[in-house]
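Visitor: Take a look and give me a structure for this.
(chains A and B)
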Amino acid sequence: MEKNHQPEKSSSFNEGDDDEKNSCADNTLQAAESPKCSNEEKSAAVEITEVEMEKPEEMKTGKTEIEEIEKPEEKEKEGGELGEPTPPPEIKYTLETASEDIERFLSNLSTPTEEEVEAGLEIPEFIEKYLDLVEEKITKHESLDTKVKGCQLPEDDASFLKAVDQISKMYKNLSAVFKLDSNQGPLINRIGRIQQGAMSNLEDEFRSLLEEPRFVEPEQKQEVADQCPIPGQDQSAESNEESNLPGHSQEVLANLNKIAKEMISGGHESECCEVYMITRRNVMEETLNKLGFEKISIDEVQKMQLEALEREIPPWIKAFKQCANVYFSAERKLAETIFSDYPSLSGSLFSNLTRGMFIQLLNFAEAVAISKRSTEKLFKFLDMYETLRDSLSAIESVFPEECAKELRAETTTARSRIGETAICIFCDLENSIKSDTGKTPVPGGAVHPLTRYTMNYLKYACDEYKDTLEQVFKEHSKIERADSTSRPRNYEGDSENYNNDEENHSPFSGQLMRIMDLLDSILETKSKLYKDVSLSCIFMMNNGRYMLQKIKGSAEIHQAMGDTWCRKRSSYLRNYHRNYQRETWTKLLGCLSNEGLNVNGKVVKPVLKEKFKSFNAMFDEIHKTQSSWVVYDKQLQSELRVSISAVVIPAYRSFLGRFSGYLDSGRQTEKYIKFQPDDIETYIDELFDGNPASMARRKT
Amino acid sequence: MESSNDGLASHEVELESFQRQVADRFHHLASVPSDELLSLPWVRKLLDVFLCCQEEFRIILFNNKAQVMKPPMDRLIADFYERTVKALDVCNAIRDGIEQIRQWLKLLEIVLCALGDSNVTNNTYNNNNNNNNCYQRTLGEGQFRRAKKALIDLAIGMLDEKDSSQSLAHRNRSFGRNNNSSSHSKDHHHRSLGHFRSLSWSVSRSWSAARQLQAIGNNLAVPRGNEVVVTNGLAMPVYTMGCVLMFVMWALVAAIPCQDRGLQVHFYVPRQFSWATPILSLHERIMEESKKRDRKNACGLLREIYQMEKCSRLLGELADSVQFPLSEEKEREVRQRVKELGQVCNAMKEGLEPLERQVREVFHRIVHSRTEGLNSLGRHNSE
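Guide: Numbering: from 1, shown residues only, chains lettered A, B, ... in the order given. Model (predicted):
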């Protein structure tokens, strides 16, 4: 059915073309005034441009554009003739010839002064005839399926637009001269009615062209292309997908542009804008949906579980970035293309359209910022923060000044909220550290899970987000301090307290140090859970070493903490090492003291025996307990063993050297000297392995 | 000893003055003559009142930080914040409603452009080229068709969403579509119906203003005597502010179109509060307004919407009744109606933008106080 439209149209045009030449010859008036008209129909173009010389600039360019598009119609002639053999032959006076007459009439009308016109202007008879033709044209145009219209032969649209243009001008000029209550009233009324009909027709066409991409699904595309076999159609459809104006082919854009121009110059700017706004708005909403961003009310966000909310954030980030970097500029380009002659109009249309959508996107960020906080959310928050931060310049460049100002403020507010919340979440880490009040000591003095969690969290935060965190702390803790109503802490002050000899810390480093400090103090409390002081020391060393290793293992966090801090940390840990040595090994070495051994220059054997016995028992005990203790860090483990050996072995060796001779060889020696210095070394090397009672195994 | 007594006294003074200020403000709001109730200026005043109360309330909380952290005050405050967060969605829905009114204004601009003098129209698309868009002339069929088309779009747009297609058909008939034979117009209007429906950016399709109001007022109960004592009186301002929030949001929903409006929300305040009388009286007056026959199906009780609707309906009826050529008398009548419509539109246009900004301000303030609350709670836990 639709297929038939095209050939019919073009063939009837051809018929008309022939008629045009005939009627040209017949029309003596016209022949006299315009000798050119017997030439090719191109002469019409020349003439129109001449006539239009006095008209405003935009009209002129509009005309020439139409003429340029009219040319390809020649190619269609042949096919058209073959396709449809039933022309209406009785038309003598066609729209084309009539419109030339009208052009002439209009140009005469615009030259004389108003008084002259009122005095003696006559309405030529052909106007009524012309109006009949235009009405016919409009009805025909209207009856076409809207889907097909979009890809019609440009010639037909062009001639239709030309007719509309003429009728608008005619209405404008004549209604300025003749009142409705004059004798020309009915004519003016009729022209007005036709103009209104034409405009409403254009409005519908504008709408359907604008909506078009929505209805062209991939599989339907082929169908539509079949319906209007225009060479190059397929190609342009493909190139669309590449371009930034999704769905609109160059032809459609050119048509939209012309229709908009016609509607605006015909006084129907409001209708045109209204259709544009509503249609684009719907398209944009679909676009958002396609990006996976769903409308969620703020209340819903508050009720969401952590996992559910976290799932919504990546689509938001994607949608936000797409909008800021791609869709908004595409949307602006679309408005600029369609309303190319009205820059301020296209600007405000674009702003009004996208503003609401943009604020809606920001609302989600605000909703998330006031949702329940948890340390796990930090990284998603920082992702959002970065998105807001990095999209700002794109947004500023795409929106017109006035609107950009508002949206910049809105974006900054949303970003501050996210930033403030991120700070609070980060500070909340302190709470979760404090709230770890478990009373069960970690077996073997190993690294506490809290230490692992905290350090891995901080390391991840620094590795992935250090610069952002620095920025967040710098910018948003200041804002809060400035309004002084609520601020978790005064960061600078705190970091100064912590380390006033250190170079100036950034607020973020200060916060990191606070957390380390807090972690230390919590660990200290936890170390008291061990009854054995030595084990407390091992626990502290283990955890301290773990923290230090994590910090040294990541350039980002190392930089944030600084070398001075690391040095202090190491010496702090050495204290625990010393304490441990003292607690365990100095006591042991007490067994090897000379005290009470020499009485009047003689070695008291029972005392010696006692000393060996207690040394053996104590060392055995130490070995038994401490080999079940855990030092995961190999380096720390060997440092400990080396330092123990360095203290114990020489002392034992010399004690043995000095006093072993006083014991009877054989049974006594076997009984009291259980360890050779080498054995001691072996056993020391078995400490901190987390394997209890290995000595017993070995002995049997 | 003395100083602590002083502190106690000043605390009481602070709380009392808050109650009095709230009462004064609402007395002032309630003193509005009935033809200004629910007008744009009045709604803006209402929002001003809310912002002022909110600010004073914030200061009270700030001055009583320690108390706020302690139970049962912490729970009361948490409840209050939850209510305010629910109000955020109302703010957004209201902004969408304002946007919708803008859309109506644009349709009315078409009417003014078609039937009015060119100087009446003042295009919101701020195009410089529009001086010659609206020709000054006498009115013909074309202009009337154009105006009627826009008026029908407007009537459809102004239908409350709950209205069935039945009343839509009724409205169409009342505009006497019979004289327009072209087939595309029907098609066109079906489409524009769909267009208007989806103008909301902020809330999902299932969102309901009525339900949201219900949620805001949920468990909003007068504090019990021992609660007042234990909280050192602070439970009172929390309750007061909850009521203020509830009423202001309710009145906004009453005035401005938004998704699934519904005013039948349980709203009870005991008369013992000095601010209860004006709030209850306003509540009653607005309820009465909503029950008036010609406002029952209104999409918003805002006075300017009513005037818009009335003017455009009268104009539509007039447009349906005219014969061509237009008699001088009819033309004068049309001009007069158009002039009135123009005034209504201008009033609306002028008030709408400040209102929108104010609603946004309310939104930001609520978010701000909520973050503040979360921050101080966080600090409380960490110390």
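Visitor: So the one residue in the stretch 301-450 of chain A that gets nearest to chain B: helix, strand or coil?
Guide: Taking Cβ to the nearest Cβ, chain B has its nearest neighbour within the stretch 301-450 of chain A at A:Gln360, 4.1 Å off. Placement of C-beta: from N, CA and C, glycine included. Following DSSP: H, G, I helix; E, B strand; the rest coil, the label given to A:Gln360 is helix.
Visitor: ok, now how distant is it from A:Arg653?
Guide: 81 Å (Cβ to Cβ, to the nearest Å).
Visitor: Please apply the same query to A:Tyr662.
Guide: 16 Å.
Visitor: Show the residue spans covered by the helices in the stretch 151-300 of chain A.
Guide: Assigned by DSSP state H, counting those that start in this stretch, the helices in the stretch 151-300 of chain A fall at A:154-177, A:185-215, A:218-227, A:233-242, A:250-265, A:269-290, A:298-303.
Visitor: what about the longest one, distance to the chain center?
Guide: Okay, so that is helix A:185-215. 40 Å (Cα atoms, centre = their mean, to the nearest Å).
Visitor: can you check the fifth one too?
Guide: Computed by Cα atoms, centre = their mean, the separation of helix A:250-265 from the middle of its chain amounts to 33 Å.
Visitor: In it, which residues are buried?
Guide: Buried residues in helix A:250-265, counting neighbours by 16 or more other Cβ atoms under 10 Å in any protein chain shown, are found at A:251-265.
Visitor: now the first one
Guide: Under the neighbour-count criterion of 16+ other Cβ under 10 Å, helix A:154-177 has A:154-175 buried.
Visitor: among those, which are within reach of chain B?
Guide: A:Tyr171, A:Lys172, A:Ser175 (Cβ under 8 Å from any Cβ of the partner chain).
Visitor: ok, those residues vs chain B, which is closest?
Guide: A:Ser175 (4.9 Å).
Visitor: and the gap between the residue in the stretch 1-150 of chain B that chain A sits nearest to and A:Leu180?
Guide: With Cβ to the nearest Cβ, the shortest gap between the stretch 1-150 of chain B and chain A falls at B:Gly142, namely 3.2 Å. Taking Cβ to Cβ as the measure, B:Gly142 falls 11 Å from A:Leu180.
Visitor: Quickly list what's touching both of the two.
Guide: A:Asn189 (Cβ atoms under 8 Å, 6 or more residues apart in numbering or on different chains).
Visitor: the more surrounded of the two?
Guide: Higher neighbour count among B:Gly142 and A:Leu180: B:Gly142, with 24 against 21, using other Cβ atoms under 10 Å in any protein chain shown.
Visitor: Surely that one touches A:Gln195?
Guide: Yes - B:Gly142 is within contact range of A:Gln195, at 5.7 Å (criterion: Cβ atoms under 8 Å).
Visitor: any residues in contact with both of those two?
Guide: Joint contacts of B:Gly142 and A:Gln195 (Cβ under 8 Å, 6+ apart) are A:Tyr171.
Visitor: which SS state does B:Leu37 fall under?
Guide: coil.
Visitor: Just give me the neighbour total for the residue nearest to it when sequence neighbours are not counted.
Guide: The spatial neighbour of B:Leu37 that comes closest, neighbours along the chain excluded (Cβ to Cβ, 6 or more residues apart in numbering or on different chains), is B:Arg285 at 6.0 Å. When neighbours are defined as other Cβ under 10 Å, B:Arg285 has 15 of them.
Visitor: Show me what the helix or strand that B:Arg285 is a member of packs onto, helices and strands only.
Guide: Assigned by DSSP states H and E, B:Arg285 belongs to helix B:276-291. If you count contacts as 3 or more Cβ pairs under 8 Å, 6 or more residues apart in numbering or on different chains; DSSP states H and E, helix B:276-291 packs onto helix B:2-30, helix B:235-255.
Visitor: Buried residues of it, list them for me.
Guide: B:Ala276, B:Pro278, B:Ile279, B:Leu280, B:Leu282, B:His283, B:Ile286, B:Glu289, B:Ser290.
Visitor: What of stretch A:599-606?
Guide: Buried residues in stretch A:599-606 (16+ other Cβ under 10 Å): none.
Visitor: Identify the residues contacting that stretch?
Guide: Here stretch A:599-606 makes contact (Cβ under 8 Å, 6+ apart) with A:Gly596, A:Leu597, A:Asn598, A:Phe659, A:Tyr662, A:Leu663.
Visitor: quick one, phi/psi of the third one?
Guide: It refers to A:Asn598. Phi and psi for A:Asn598, reported as degrees, to the nearest 10, are phi -100, psi 120.
Visitor: just the helices in the stretch 151-300 of chain B please.
Guide: B:165-174, B:184-197, B:209-217, B:225-230, B:235-255, B:276-291.
Visitor: buried set for the fifth one?
Guide: The reference is to helix B:235-255. Buried-residue list, helix B:235-255, by 16+ other Cβ under 10 Å: B:235-255.
Visitor: Okay, now the unreliable bits of the stretch 151-300 of chain A?
Guide: For the stretch 151-300 of chain A, the stretches with pLDDT under 70 are A:151-156, A:181, A:213-247.
Visitor: so the residue nearest to B:Leu37 makes contact with B:Glu36?
Guide: No - judged on Cβ under 8 Å, B:Arg285 makes no contact with B:Glu36 at a distance of 11.4 Å.
Visitor: Which residues are in contact with each of those two?
Guide: The contact lists of B:Arg285 and B:Glu36 share no entry, where a contact means Cβ under 8 Å, 6+ apart.
Visitor: and the helix or strand encompassing A:Ile102 with helix A:154-177, angle?
Guide: Take DSSP H and E as the rule and A:Ile102 turns out to sit in helix A:95-110. Helix A:95-110 runs at 30 degrees relative to helix A:154-177, counting by axes from the mean of the first three to the mean of the last three Cα atoms, to 10 degrees.
Visitor: And for A:Thr421, the neighbour number?
Guide: Count around A:Thr421 with other Cβ under 10 Å applied: 28.
Visitor: Report the contact partners of the closest residue in space to it that isn't next to it in sequence.
Guide: Nearest residue to A:Thr421, sequence neighbours excluded (Cβ to Cβ, 6+ apart): A:Ala369, at 4.6 Å. By Cβ under 8 Å, 6+ apart, the residues touching A:Ala369 are A:Phe381, A:Ala414, A:Arg417, A:Ile418, A:Glu420, A:Thr421, B:Val367, B:Thr371.
Visitor: Next one, pLDDT for A:Ala369 please.
Guide: Predicted confidence (pLDDT) for A:Ala369: 91.
Visitor: likewise A:Gly150?
Guide: Value for A:Gly150, per-residue pLDDT: 48.
Visitor: hang on, the earlier thing: show me which of the buried residues of helix A:250-265 neighbour chain B.
Guide: Among the buried residues of helix A:250-265, chain B is touched by A:Ile264 when using Cβ under 8 Å from any Cβ.
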